[in-house]
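Student: Sharing a model prediction with you, sequence too.
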Amino acid sequence: MSDNNDPRPDRAVPEDFDDNDIPTYAPLVDADRTPVAETSRDSVYDRAGRAAPQSVGAGTEESATAVFPVAGQAPEQRSMQPEQRYADSDFATDQPTTTMPAMTGAVAPVQQVPPQSIPVDSGYPEEPVEEDTSEAKRGTMDFGLFLIRLFFGAALILHSVSVLFRLGNGGGISGLEEQFSGYELAGVLAIAVPGVELAAGILLVLGLLTPLAAALATVSTAFLALHQINISGTPVNPVQWGDGVRFALLMTVVAVGLQLTGPGRISLDFSRSWARRPLWSSIVFALIGIGCAIGLWWLVTGGAYPFTN
């Protein structure tokens, strides 16, 4: 029977190996089938070409040991016996062992560092904190602005009502149209000027939408001041001006002044910023009012010079 038909299970036999094979389980017999003693068998360390490990003594009680003194106790005397050194010459060469000397003397006090708070980055930008700044005391300023608004607005309302409803000796709309007869669009001016005065007067008395109301008042009073200068033959010298011209210019200055100061807190605009501290927007509205008055004068007169030489 051939080797392939061997009924025995696969089994490693010595004849199946040669010298180049690495036996995993080498038999304890030599080539002549003679038993070999266990001591003559090559060890793992012999095959690897390394020395077998050697036992190292655990040391004696006389070995020097570093003892750290305890506060309040006298330090013990250190033994002067030499240290036991590592003697495995196969893995490492003989090197002296460093022994830490025993500490003598008082223990240094430990300096305590006060705890410090470390800021934690939350990853979100910090929102600006609004400071609660109290506004300066305004004294009687608000009441003074209320009086100016009240009487200035009332003067505008009385003049417009007397023209629109023909009250008094003014002649009404027809009388004003006759005064504007030398201008273009005299009929439109006779209705538009008192109408603008009425709207501006009501808003100023209430203290509502003051920038717009003061701009409307500036347009009407400045145009009427130019008209009064023109029809009176007023020279450039202010000393020679009549009472009508001075009153018309005073009304224009009051309108511009209210634009710059604001209505004050005694008004319907008390919660608005322009009621307490007007900013650059007041200057813009004042310039718009003066510019509209000059533009209207240029439109109806063709750019005529109001003063006489």
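Tutor: Looks like it arrived, so ask away.
Student: going forward, measure contacts between C-alpha atoms and count neighbours the same way
Tutor: Will do.
Student: Check what contacts the helix or strand harbouring residue 287 and list those residues.
Tutor: Per DSSP states H and E: residue 287 is located in helix 280-301. With Cα atoms under 8 Å, 6 or more residues apart in numbering as the contact definition, helix 280-301 has outside contacts at 183-185, 211-212, 214-220, 222-223, 226, 256, 259-260, 274, 303-304.
Student: Then stretch 162-173?
Tutor: Contacts made with stretch 162-173 from outside it, assessed by Cα under 8 Å, 6+ apart, are listed as 161, 176, 190, 191, 194, 195.
Student: before we move on, what about stretch 185-199?
Tutor: Here stretch 185-199 makes contact (Cα under 8 Å, 6+ apart) with 156-157, 159-161, 163-164, 173-174, 176-178, 180, 213, 216-217, 220, 300.
Student: hang on, the earlier thing: out of the contacts of helix 280-301, which end up buried?
Tutor: Neighbour counting by 16 or more other Cα atoms under 10 Å classes 183, 211-212, 214-220, 222-223, 226, 256, 259-260, 274 among these as buried.
Student: Where helices are concerned, which of those count?
Tutor: When the buried ones among the contacts of helix 280-301 are checked against helices using DSSP state H, the ones located there are 211-212, 214-220, 222-223, 226, 256, 259-260, 274.
Student: Can you give me the buried ones in the helix holding residue 287?
Tutor: 282, 285-286, 288-290, 292-297, 300.
Student: Would you format the residues you listed as CSV with pLDDT included?
Tutor: Rendered in CSV, the data for these read as follows (pLDDT from 0 to 100):
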residue, pLDDT
282, 89
285, 92
286, 93
288, 95
289, 95
290, 95
292, 95
293, 95
294, 94
295, 95
296, 94
297, 94
300, 93
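Student: can you redo those as TSV with distance to residue 251?
Tutor: Formatted as TSV, the entries for these read as follows, by distance: Cα to Cα, whole Å:
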residue	distance to residue 251
282	18
285	17
286	14
288	17
289	13
290	13
292	16
293	14
294	16
295	19
296	18
297	17
300	22
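Student: Quick check: the farthest pair among those?
Tutor: Greatest spacing in these, by Cα to Cα: 282 and 300 (27.5 Å).
Student: how about low-confidence regions in the stretch 101-250 of the chain?
Tutor: Low-confidence segments of the stretch 101-250 of the chain, defined by pLDDT under 70, span residues 101-136.
Student: And the helices in it, which stretches?
Tutor: Counting by DSSP state H, counting those that start in this stretch, the stretch 101-250 of the chain has helices at residues 141-164, 172-179, 186-206, 210-232, 243-261.
Student: for the ones you listed, which one sits closest to residue 308?
Tutor: Set against residue 308 and scored by Cα to Cα, those come closest in helix 210-232, at 8.0 Å.
Student: For that closest one, which helices and strands make contact with it?
Tutor: Applying 3 or more Cα pairs under 8 Å, 6 or more residues apart in numbering; DSSP states H and E, one finds that helix 210-232 contacts helix 186-206, helix 243-261, helix 280-301.
Student: Just put the ones you listed in TSV and tack on distance to residue 235.
Tutor: As requested, the helices and strands packed on helix 210-232 are exported to TSV (distance: least, Cα to Cα, whole Å):
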stretch	distance to residue 235
helix 186-206	25
helix 243-261	11
helix 280-301	18
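Student: Please identify which of those helices is closest to residue 141.
Tutor: Go through those one by one with Cα to Cα and the one that ends up closest to residue 141 is helix 243-261, at 10.0 Å.
Student: so who does the closest residue in space to residue 153 that isn't next to it in sequence touch?
Tutor: In space, and not counting its chain neighbours, residue 153 is closest to residue 201: 3.9 Å by Cα to Cα, 6 or more residues apart in numbering. Applying Cα under 8 Å, 6+ apart, one finds that residue 201 lies in contact with 152, 153, 154, 155, 156, 157, 213, 217.
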